[in-house]
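**Q** give me a 3D structure for the following:
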Amino acid sequence: MVVLNKIYTRTGDDGTTALGSGERRPKYDLRVSAYGTVDETNAAIGVVRLHLADAPALDRMLGLIQNDLFDLGADLAVPQREGKAERLRMLASQVERLERDIDTLNAELSPLTSFVLPGGTPAAANLHLARTICRRAERIMVELAAKPDEPVSAAGIQYMNRLSDFLFVASRFQNNKGAGDVLWVPGQNR
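**A** A predicted model of the protein is given here:
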């Protein structure tokens, strides 16, 4: 259980922050950027959920995802090191649940005939925004994982890759199951 009695500590006033391991890093550190952008994805999903009064099943899926994203943030905030006690890590089962949810939503969608422009309903537009933030988080995580001595769980990277797919499919689902998608028309404005 997490207990937060005091919100400000002043320890970050010098431009550093503490990882979950206690190690101090600059606030611009790639690991801090990774879990910060995961948090940004989570916040964007919170905005989506404001528009889902008519979609309780999707809202439930997104609620599970928000919790998963906190798990991922915890995973990223405590780098896995040899000989250290194991902390909370992302699991393949979380990725598999996302895949099942993608398949459930996608089964009801009309086939795509073009790329989809971000837009449509407020929920769909915000799902597209969350998707682009998610992709940025994934890119940062992959860049971090490419660095020596900066482990990132494979399940965490897979989760973010699958989450962006989920958010895309969910946006189409919220656009009247694809019927309300705003499609790209190549060269339309020439």
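
**Q** any stretches of this structure with poor pLDDT?
**A** Applying pLDDT under 70 to the chain flags the ranges 1-4, 11, 82-86.

**Q** can you pull out the helices in it?
**A** Along the chain, counting by DSSP state H, helices occupy 30-49, 56-77, 92-106, 122-145, 154-174.

**Q** what about those helices, which gets the closest to residue 18?
**A** Proximity to residue 18 (Cβ to Cβ) singles out helix 56-77 among these, at 8.9 Å. Just so you know, the C-beta spots here come from the backbone N, C-alpha and C atoms, and that holds for glycine as well.

**Q** show the contacting residues for the closest residue to residue 79 other than its chain neighbours.
**A** Leaving aside its sequence neighbours, residue 79 sits nearest to residue 151 (Cβ to Cβ, 6 or more residues apart in numbering; 5.5 Å). Residue 151 makes contact with 79, 80, 81, 145, according to Cβ atoms under 8 Å, 6 or more residues apart in numbering.

**Q** tell me the two of those that are most distant?
**A** 81 and 145 (14.6 Å).

**Q** more neighbours: these two, which one.
**A** Neighbours were counted for residue 81 and for residue 145 using other Cβ atoms under 10 Å; residue 145 has more, 16 against 10.

**Q** quick one: contacts for that one?
**A** Residues in contact with residue 145 (Cβ under 8 Å, 6+ apart) are 151, 152, 157.

**Q** check residue 46 too.
**A** Residue 46 makes contacts with residue 66, as judged by Cβ under 8 Å, 6+ apart.

**Q** from residue 70, how far out is it?
**A** 12 Å (Cβ to Cβ, to the nearest Å).

**Q** same thing with residue 50?
**A** 19 Å.

**Q** and the two? Which one has more around it.
**A** Neighbours were tallied for residue 50 and for residue 70 using other Cβ under 10 Å; the higher tally belongs to residue 70 (15 against 11).

**Q** so what's the more buried one closest to, chain neighbours aside?
**A** Nearest non-adjacent residue to residue 70 (Cβ to Cβ, 6+ apart): residue 42, at 7.1 Å.

**Q** what's the burial count for that neighbour?
**A** Using other Cβ under 10 Å, residue 42 has 22 neighbouring residues.

**Q** list the residues that contact it.
**A** Going by Cβ under 8 Å, 6+ apart, residue 42 touches 66, 69, 70, 73.
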